[in-house]
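Peer 1: Here's a sequence, model it:
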Amino acid sequence: MAQRFDAIIIGTGQAGQPLSGALSDAGWQTAIIERGRVGGTCLIDGCTPSKTMIASARVAYLARRAAEYGVRAGPIDVDLPAVVRRKATVVDDFSAASERRMTERENLELIIGEARFVGPAEIEVKLSSSGTRRLTSEKIFINAGARPAAPSIPGLEQVDFFDSTSIMELTTLPDHLVVLGGGFVGLEFAQMFRRFGAQVTVLEAKAHLVDREDEDIAEAVEEIFREDGIDVRTSTEVIGVDRGHNGGVIIRVRASDGDDAIHGSHLLVAVGRVPNTDTLDVSRAGLETDRKGYIRVDERLQTNVPGIYALGDIAGSPPFTHIAYDDYRVIRANLLNNGDRTTTDRLLTYTFFIDPQLGRVGMSEAEARQDGLDIRVAKLPMTRVARAIETGETRGLIKALVDARTDRIVGAAVLGIEGGEIVAILQTAIIAGLPYTELRDAIFAHPTLAESLNNLFTALDA
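Peer 2: I've put the predicted structure just below:
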């Protein structure tokens, strides 16, 4: 017989884990199911490990630039196995701490195994230890995430390739890493391995890298990557992949100037993600999914089946950890605090950890103009930011969009040193509904990066 719980949560990611704590603290007998390691994609396969390795790559980058700062340094050699061990230690510590907090909590049972629906209120778990368990509840929360996608490219299935998870286990430096995909996942790894010492080529089918960003931002990113010695090929379609004669891979491409064959030692495929709905048997619960497999939810994250909710990537929410966490807050407010919170009109912000960072909040210029807003655009190159000059980090620019009618900021992009931290100040101003003049006239400490906002918005008065 199925064991009854007040709530069942599938997945220990950045929505499921805090939700399990909130529900159990409220006295709900709660089961949380995890098929792998506790922590979800961000902690195990995404943010934590990749940003830890990116930190190592930045140290190598700065060490090679030591002479620019008047510092003598010898030849720089990256110990990639040590980088991977450091990453593993950080991930292990985070995951173990999360698991310990969960197992020590009253009213909460952590079950390790793979879940699948057998009905709209019943879950079967194939336990990692052996055997199965059946659980039932009137409230089920799905936070099972997504995984790297493998595109349909002729020959791809015949070669060994890496995705954004497996490449972080690589302990031998590639001679030539070819990256399929010019989005931020691919770019973070491309720059990382270039700094480790590999030759790197990035292939992007669209006209620009990071093509969802404004064209001026995308062009600035491309300039930075080319300056770093990365071969960037945009408007380039991959038409096939073959094994190399002496190992490695051959990537056949088509561009406006004709066909070409790129010989690489290693291949990273970073062309998006797919939801983990296929192993859940969601159809047995009667759950509706869209054409890409994401679970359909309303603005309160309720699925079409009463009592079943989906949160985070698997629900088609913007694929960021902080958005998944906000999904949890929506559920918590509505179920535990008699609230009426929704996912509509959320102010979207994110930071991508290329170097320099790209922080974004609110609307892009293209989105604002498409919506018919009368906007004023403020731009400031990092070459005019005192702190950036002092630290030798002058690549990139700051860009903000101001509603000409209200003087309020509606969006911003910061491509520059600590861009994610600078954009958070702009985000706070948007949340508070402040006119841009408040930042223009604010007294920021000198010399800080925040101080650049004075000059950014002074440009609007010219």
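Peer 1: show me where the stretch 151-300 of the chain has helices.
Peer 2: With DSSP state H, counting those that start in this stretch as the criterion, the stretch 151-300 of the chain has helices at 184-196, 215-227.
Peer 1: quick one: average confidence on the last one?
Peer 2: Per-residue confidence for helix 215-227 averages out to 98 on the pLDDT scale.
Peer 1: which other helices and strands contact that helix?
Peer 2: Packing partners of helix 215-227 (3 or more C-beta pairs under 8 Å, 6 or more residues apart in numbering; DSSP states H and E): helix 184-196, strand 231-233, strand 397-403, strand 409-416. Any C-beta I mention is one placed from the backbone N, CA and C, and that applies to glycine too.
Peer 1: So which of the ones you listed is nearest residue 323?
Peer 2: Between residue 323 and these, the shortest separation by C-beta to C-beta is 15.0 Å, and it involves helix 184-196.
Peer 1: got the contact list for that closest one?
Peer 2: For helix 184-196, the surrounding residues in contact (C-beta atoms under 8 Å, 6 or more residues apart in numbering) are 50, 53-54, 57-58, 60-61, 78, 80, 83, 164, 167, 173-174, 177, 179-180, 200, 202, 209-210, 221, 225, 228-230, 268, 270-271, 352-355, 358.
Peer 1: just stretch 45-55 next, same as before
Peer 2: Outside stretch 45-55, the residues touching it (C-beta under 8 Å, 6+ apart) are 39, 42, 83-84, 86-88, 90-91, 94, 164-165, 168, 188-189, 191-192, 321, 353, 355.
Peer 1: coming back round to it: single out the most deeply packed of the helices of the stretch 151-300 of the chain.
Peer 2: Mean neighbours per residue, mean count of other C-beta atoms under 10 Å, is largest over the helices of the stretch 151-300 of the chain for helix 184-196, with a mean of 24.
Peer 1: Apart from its chain neighbours, what residue comes closest to residue 133?
Peer 2: residue 125 (4.9 Å; C-beta to C-beta, 6 or more residues apart in numbering).
Peer 1: now do residue 29
Peer 2: Spatial nearest neighbour of residue 29, chain neighbours left out: residue 6 (4.7 Å); criterion: C-beta to C-beta, 6+ apart.
Peer 1: Am I right that the one you found is in contact with residue 26?
Peer 2: No. Judged on C-beta atoms under 8 Å, residue 6 makes no contact with residue 26 at a distance of 9.2 Å.
Peer 1: about what we covered before: residue 2: which of the helices of the stretch 151-300 of the chain is closest?
Peer 2: Comparing these by C-beta to C-beta, helix 184-196 comes nearest, at 38.9 Å.
Peer 1: how far off helix 215-227 does the closest one point, in degrees?
Peer 2: For helix 184-196 against helix 215-227, the angle by axes from the mean of the first three to the mean of the last three C-alpha atoms, to 10 degrees is 30 degrees.
Peer 1: Dump helix 184-196 to CSV, keeping only the CA atoms.
Peer 2: The C-alpha trace of helix 184-196 is given here as CSV (Å, rounded to 0.1, in the frame of the first residue of the first chain):
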residue,chain,number,x,y,z
PHE,A,184,26.2,31.8,-22.1
VAL,A,185,26.7,28.2,-21.0
GLY,A,186,28.9,27.6,-24.0
LEU,A,187,30.7,30.9,-23.6
GLU,A,188,31.5,30.4,-19.9
PHE,A,189,33.2,27.1,-20.7
ALA,A,190,34.9,28.4,-23.9
GLN,A,191,36.6,31.3,-22.0
MET,A,192,37.4,29.0,-19.1
PHE,A,193,39.3,26.5,-21.2
ARG,A,194,41.0,29.1,-23.2
ARG,A,195,42.3,30.5,-19.9
PHE,A,196,43.4,27.0,-18.9
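Peer 1: quick one, phi psi at the closest residue in space to residue 168 that isn't next to it in sequence?
Peer 2: Closest residue to residue 168 apart from its sequence neighbours, by C-beta to C-beta, 6+ apart: residue 49 at 5.3 Å. Here is the backbone geometry of residue 49 (degrees, to the nearest 10): phi -70, psi -40.
Peer 1: count of residues packed around residue 49?
Peer 2: 23 (other C-beta atoms under 10 Å).
Peer 1: Could you do the one 3 residues further on as well?
Peer 2: Residues contacting residue 52 under the criterion other C-beta under 10 Å number 19.
Peer 1: tell me which element it is part of?
Peer 2: helix 47-64 (DSSP states H and E).
Peer 1: Contacts only, for the residue nearest the centre of the chain.
Peer 2: The centroid of the chain falls nearest to residue 320 when counting by C-alpha atoms, centre = their mean (5.1 Å). Contact analysis of residue 320 by C-beta under 8 Å, 6+ apart lists residue 350.
Peer 1: Check the gap between it and residue 332 for me.
Peer 2: To residue 332, residue 320 is 18 Å away according to C-beta to C-beta, to the nearest Å.
Peer 1: hmm, back to that, filter the contacts of stretch 45-55 down to just the buried residues.
Peer 2: Buried members of the contacts of stretch 45-55, scored by 16 or more other C-beta atoms under 10 Å, are 39, 42, 83-84, 86-87, 90-91, 94, 164, 168, 188-189, 191-192, 321, 353, 355.
Peer 1: where does the residue nearest to the centre of the chain fall, phi/psi-wise?
Peer 2: According to degrees, to the nearest 10, residue 320 has phi -130, psi 140.
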